[in-house]
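J.: quick one: sequence and predicted model below, then my questions.
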2 protein chains.
Amino acid sequence: MRIRVEQLNPIVGDLNGNREKIIASLRKAEKDGVRLLILPELVTCGYAPMDLLERQAFLDAVYTSNRQIVEDVSGRTALLFGTVTPNTEGNGRKIFNSAILADGGEIVSVTHKTLLPTYDIFDEFRYFEPNRTFALTRLDGLPIGITICEDIWNHQNEIVYHTYDVNPARELKLLGAKILVNISASPFSKSKYELRESMLRNHARREDIPVFYANQTGANTEVIFDGDSMIMNAAGDVIERTASFEEDFADADLIDGQPVAVTGKIGRAMPLEEKLFRAIVLGVRDYVTKTTISEKVLIGLSGGIDSALTAVIAVEALGPENVIGVTMPSEFSSEGSVTDSIKLAENLGMEVREMPISPIYDTINTVLEPVFKGTEFGVAEENIQSRARGILLMAMSNKFGYMLLNTGNKSEMAVGYCTLYGDMAGGLSVLSDIYKTEVFAISNWLNDIYFKKEVIPQSTITKPPSAELRPDQKDTDSLPEYEVLDRILKSYIEDQKSAREIVREGFDADTVKRVIRLVDLNEYKRRQAAPGLRASAKAFGIGRRLP
Amino acid sequence: MRIRVEQLNPIVGDLNGNREKIIASLRKAEKDGVRLLILPELVTCGYAPMDLLERQAFLDAVYTSNRQIVEDVSGRTALLFGTVTPNTEGNGRKIFNSAILADGGEIVSVTHKTLLPTYDIFDEFRYFEPNRTFALTRLDGLPIGITICEDIWNHQNEIVYHTYDVNPARELKLLGAKILVNISASPFSKSKYELRESMLRNHARREDIPVFYANQTGANTEVIFDGDSMIMNAAGDVIERTASFEEDFADADLIDGQPVAVTGKIGRAMPLEEKLFRAIVLGVRDYVTKTTISEKVLIGLSGGIDSALTAVIAVEALGPENVIGVTMPSEFSSEGSVTDSIKLAENLGMEVREMPISPIYDTINTVLEPVFKGTEFGVAEENIQSRARGILLMAMSNKFGYMLLNTGNKSEMAVGYCTLYGDMAGGLSVLSDIYKTEVFAISNWLNDIYFKKEVIPQSTITKPPSAELRPDQKDTDSLPEYEVLDRILKSYIEDQKSAREIVREGFDADTVKRVIRLVDLNEYKRRQAAPGLRASAKAFGIGRRLP
């Protein structure tokens, strides 16, 4: 029996487009002699449909789509796909998160998800009724144990938020499953590639069973899915593995109960810098193309490393013809702010425009003079500059329909070293889950390894980071060195450690307290930030909810 | 036995302040001869603590607070209070949402919440492990059935999102409960006052049992708690009822198993306009005072009805000395934009300043001229005006530490008739859950009934709504009449009806489609909006989650 795991990139809510994608995969699998095609979780409606699931008209449309797909499974390939099905038993929530196995135009089985993730970015208990009983599915006599995403993330060493009473994989093995299938919408984060493999290996070995794992790929607003689907034998060896960050499939023949590689795909483990770069490129591409607001994006180029990296990412995602840079010097800007921006744009082959903000800044100061008279230059004046740039960028965005990309990094967003309605403006925050030290690492990797030439000007990388909003300003005037700051931030935000625990790791107590205070205090800014692409286990945005 | 239900206004995360409040209530109850004092759900940490509940250091501090409170219950009054307790049984989430009954310095019982709301603004499955078994609590031999908030919102006629398998009130009655207690953090919405009473009456009559209901009051960011605590006999009559929107208590003596009124408080049903007004006033006051960023707020006064109502609310909440208005006319502003703003400020006794935006608008246009040459006046130019105002207001906010209040209403926010980083700027959105027709109704009620004089200038109320961003602009140039618009919006947003269902209610099909398209399209603007005070069953913000 030839089995294929395939990762697709559905669009949330685009039921017709997703169905066409599913049917195209099915037809290809039929042609390739595949007996069982396994597609990801909620592939009919994309992940996560969020409150669309509360609209009866949307649910009815999903059910119609399910029926049409099942009818189309008329050839020799059976199809297992993730979708929403109704809870017809009366009590509880109205829907299940399900896997339908279809064969010969009929439904063979419907399996519901047991463990519903409700932490970080996940809200599944908000919508779905959990499964409570287990049963095997049979295809050509083969007993298959079907699980959905979280169902297999249930062991002490793989969980963060809580443990579960039930282990669906174990239940299905006890019932006699000969292969374990998992369909997922498991998002990318920095360490997921390794974690996912070790988690699947634990199951394979503990239950002595081959594992077929089909994950989603593509990005939906904040959340990026890498894919990384794979087939593993009962010894825990990866037999086949798809490429990451793109649609792909992997096949194995089941011979004497064990999977044997067909295509010889083995995936590729990437260095962290490459992972982050490819993830964010995919995030930008999918956000821009899926929202269909505009093909072109706009970036304010400061001559600094954040906007430079954002420009490289945008050009990689959309092509240089779709990226427009604007450099907006003020009286406090260094010379490099314009020259480095122009050099970068030349290296990337993208357009760049120059607009000075000094006349605007001066006019605003004149209007405010009666009120500000006698006060000293301070944050208000700094923010006026940042917001004048925001106005120019948004005016161009409104006039020509370009989407403005925000260039702020996670370190800045964390401590509020950014201006609401100024440099925080934009439709998508590209780097808001990438620490400043990671911005440097990715930029160096791009020049040294990926491009093998100086695409990001070396002077952009080596100059000390500065907002250039007052004379001779440096980020380190008001912040610790980024090497220190980023490690404190990671401990506080991602590892949820207390001040006391972080100090115990060897940091200065006053610095730790000051950083934590800044993070807490600036929650109000982040509440109004653009959606940001998620790259870590704890990003700002929908997965981090603070009062 | 004298029993008191008391509504307190805790601050989220302020464990020490909340504990002092609790102990002060306890001491007063002791003095008043109360045997059992019942305080609201999660009164130790405020509702909702959100992801603070994921921090072990925060949980440890709550447990310490619990112990201190129990030790302080040393007099003749027993205390029932809502708090977080640890799940020590191993599997599942790490904590429970609990009610601790303390008497004589000891814990009498700990009851966990069974039904965990996970819809709209509620995320309880994200944090809490549900209770699965039921037991009575006894005080002086009286068998008490203790429930927590959602535990009693479990019947077909009271639910929206789903039904529950379990009815905790029934379980407790079957065990022999003689009174039913519910401690809540049940938020205000337009129809909650009536709904809450009928829900409690259903339980009282069905189970033939008196009901003691203690709810939270006060506001925490978006969410406003009205309080509305009450004591009901087994016939479903309200015996005592607290005031709404403030801290208050109500007492009854339990005689022959039925509650008998002590203080004679019966609450007061308010007209809708008053409810909304008082709710929003409380929301503004608590947001400003609890965040302690500033005592003073700033409002851009346009001469229109939204900013006028916002100013009245702010003055009512904080006093005229803490509210500063700014009028910022442009070449497209009507004469009334300044004169009505000044008249309003005079009526309210608040300060108002005038700053023209024309010089800024002109300078920005000059800077953009090389890029915009040959294009027509459009949304870009309109937004520049709105953002120039935003810059001035934010500059004053930054300079003097005033918190900027946003004045946009729900109708505008719904269809995107507002400018990101312009009139959408601000720390709190005061009217973002109040439809335009409600803005008119509240304004008329204020002048006619509440103030009994023209506080909001009549010309502000009667002039046709306009953004005044181009010559002779009216809202109805691009939107349906607000009477029609608001009814379509309510059907779509609050009742979650489909376009087809709304058309069937008698609206023009093209209008309905256009309005729904605008609502969907402008999700991106709302994602970056300031937190908005919740007044309806479905507000924009944390309770509405769309891709």
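T.: Yes, it's here. Numbers count the residues shown, from 1 in each chain, chains lettered A, B, ... in the order given.
J.: only C-alpha atoms from now on, for both contacts and neighbour counts.
T.: Fine.
J.: which residues of the stretch 351-500 of chain A lie near chain B?
T.: Residues of the stretch 351-500 of chain A found near chain B (CA under 8 Å from any CA of the partner chain) are A:355-357, A:359-360, A:363-364, A:367-368, A:372, A:378-381, A:383-384, A:387-388, A:391-392, A:394-399, A:421, A:425, A:427, A:496-498.
J.: the same query, at a cut-off of 7 Å, please.
T.: Where proximity means CA under 7 Å from any CA of the partner chain, the interface of the stretch 351-500 of chain A facing chain B comprises A:355, A:359-360, A:363-364, A:367, A:379-380, A:384, A:387, A:391, A:395, A:398-399, A:421, A:496, A:498.
J.: mind giving me the PyMOL select for these, buried ones only?
T.: When burial is assessed using 16 or more other CA atoms under 10 Å in any protein chain shown, the buried subset of these is captured in PyMOL by this command:
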select buried, chain A and resi 355+359+360+363+364+367+380+384+387+391+395+398+399+421+496+498
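J.: which of the residues of the stretch 351-500 of chain A next to chain B fall in helices?
T.: If you go by DSSP state H, those have A:359-360, A:363-364, A:367, A:379-380, A:384, A:387, A:391, A:395, A:398-399 in helices.
J.: the stretch 301-450 of chain A: strands as residue ranges?
T.: Secondary structure of the stretch 301-450 of chain A (DSSP state E, counting those that start in this stretch): strands located at A:323-327, A:351-354, A:403-406, A:428-429.
J.: neighbouring strands - and their directions - for the first one?
T.: Strand A:323-327 pairs in its sheet with strand A:297-300 (parallel), strand A:351-354 (parallel), by DSSP bridges.
J.: and those: which comes nearest residue A:228?
T.: Between residue A:228 and the strands paired with strand A:323-327, the shortest gap by CA to CA is with strand A:297-300, which sits at 28.9 Å.
J.: burial count for residue A:406?
T.: As a burial measure, the neighbour count of residue A:406 was computed by other CA atoms under 10 Å in any protein chain shown and equals 27.
J.: tell me the pLDDT of the residue in chain A positioned nearest to chain B.
T.: Closest residue of chain A to chain B, CA to the nearest CA: residue A:528 (4.2 Å). At residue A:528 the predicted local distance difference test score is 95.
J.: same thing with the one 5 residues further on?
T.: pLDDT recorded at residue A:533 is 96.
J.: next up, the contacts around the nearest residue to it once chain neighbours are set aside.
T.: Nearest residue to residue A:533 in three dimensions, chain neighbours excluded: residue A:222, at 4.3 Å (CA to CA, 6 or more residues apart in numbering or on different chains). Residues counted as contacts of residue A:222 (CA atoms under 7 Å, 6 or more residues apart in numbering or on different chains) are A:531-534.
J.: by neighbour count, which of those wins?
T.: The member of those surrounded by the most neighbours (other CA under 10 Å) is residue A:534, with 33 neighbours in all.
J.: does that residue touch residue A:221 like I think?
T.: No. Under the contact definition of CA atoms under 7 Å, residue A:534 does not touch residue A:221, with a separation of 9.1 Å.
J.: what's the pLDDT at the residue nearest to residue A:533?
T.: Confidence at residue A:222, expressed as pLDDT, is 93.
J.: how close does it sit to residue B:503?
T.: In this view, residue A:222 and residue B:503 are 34 Å apart by CA to CA, to the nearest Å.
J.: identify the farthest-apart pair in the ones in helices among the residues of the stretch 351-500 of chain A next to chain B.
T.: Distances among these were taken as CA to CA; the most separated pair is A:379 and A:399, at 29.8 Å.
J.: if we can go back for a sec, could I get the contacts of residue A:222 as TSV with secondary structure?
T.: Rendered in TSV, the data for the contacts of residue A:222 read as follows (DSSP: H, G, I helix; E, B strand; the rest coil):
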residue	secondary structure
A:531	coil
A:532	strand
A:533	coil
A:534	coil
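J.: how many residues are close by the closest residue to residue A:316 other than its chain neighbours?
T.: Of all residues beyond its chain neighbours, the one nearest residue A:316 is residue A:281 (6.7 Å), with distances taken as CA to CA, 6+ apart. Residue A:281 has 24 neighbours, counted by other CA under 10 Å.
J.: just residue A:543 next, same as before
T.: Applying other CA under 10 Å, we find 18 residues neighbouring residue A:543.
J.: confirm it sits in a helix?
T.: No. Residue A:543 is assigned coil when assessed by three-state DSSP, not a helix.
J.: is it true that it touches residue A:223?
T.: No. Under the criterion of CA under 7 Å, residue A:543 lies out of contact with residue A:223, with a separation of 9.9 Å.
J.: how about low-confidence regions in chain A?
T.: A:155-160 (pLDDT under 70).
J.: the nearest residue to residue A:341 once chain neighbours are set aside: neighbour count?
T.: With CA to CA, 6+ apart as the measure, residue A:303 is the residue that lies nearest to residue A:341, at 4.9 Å, once sequence neighbours are left out. A total of 29 residues lie near residue A:303 under the criterion other CA under 10 Å.
J.: what sits against residue A:303?
T.: Contact partners of residue A:303, counting by CA under 7 Å, 6+ apart, are A:336-338, A:340-341, A:460.
J.: cool, residue A:290 as well?
T.: residue A:11.
J.: could you pull out the strands for the stretch 101-250 of chain A?
T.: Taking DSSP E, counting those that start in this stretch as the criterion, the stretch 101-250 of chain A carries its strands at A:106-112, A:137-139, A:142-148, A:179-183, A:211-214, A:217-220, A:223-226, A:230-232, A:238-241, A:248-255.
J.: so how far is residue A:270 from residue A:453?
T.: To residue A:270, residue A:453 is 20 Å away according to CA to CA.
J.: next one: residue A:466
T.: 31 Å.
J.: residue A:464 too?
T.: The gap separating residue A:464 from residue A:270 is 29 Å, by CA to CA.
J.: show me which residues of the stretch 51-200 of chain A sit near chain B.
T.: Contacts of the stretch 51-200 of chain A with chain B, taken as CA under 7 Å from any CA, map to A:51-52, A:55, A:57, A:91-94, A:118-119, A:125-126, A:162-165.
J.: hmm, try it at 6 Å
T.: Counting by CA under 6 Å from any CA of the partner chain, the residues of the stretch 51-200 of chain A lying close to chain B are A:51, A:91-93, A:118-119, A:126, A:162-165.
J.: drop anything exposed from those residues.
T.: When these are checked for burial by 16+ other CA under 10 Å, the buried set is A:51, A:92-93, A:118-119, A:126, A:162-164.
J.: farthest pair in those residues?
T.: Using CA to CA, the two most remote members of these are A:51 and A:163, lying 26.5 Å apart.
J.: host element of residue A:479?
T.: Under the criterion of DSSP states H and E, residue A:479 resides outside all helices and strands.
J.: just to revisit the earlier point, and the residue nearest to residue A:316, that's in a strand?
T.: No. Inclusion of residue A:281 in a strand is not indicated when three-state DSSP is applied; the result is helix.
J.: surely it and residue A:313 touch.
T.: Yes. Contact criterion CA atoms under 6 Å: residue A:281 and residue A:313 qualify, at 5.4 Å.
J.: closest to the centroid, which residue in chain A?
T.: Closest to where the C-alpha atoms of chain A average out (CA atoms, centre = their mean) is residue A:224, at 2.4 Å.
J.: quick revisit: could you export the strands of the stretch 101-250 of chain A as a markdown table, including distance to residue A:37?
T.: Formatted as a markdown table, those follow (distance: least, CA to CA, whole Å):
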| stretch | distance to residue A:37 |
| --- | --- |
| strand A:106-112 | 14 |
| strand A:137-139 | 12 |
| strand A:142-148 | 13 |
| strand A:179-183 | 11 |
| strand A:211-214 | 10 |
| strand A:217-220 | 16 |
| strand A:223-226 | 19 |
| strand A:230-232 | 13 |
| strand A:238-241 | 15 |
| strand A:248-255 | 9 |
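J.: closest one to residue A:297 among the ones you listed?
T.: The closest approach between residue A:297 and any of the strands of the stretch 101-250 of chain A, judged by CA to CA, belongs to strand A:217-220 at 17.4 Å.
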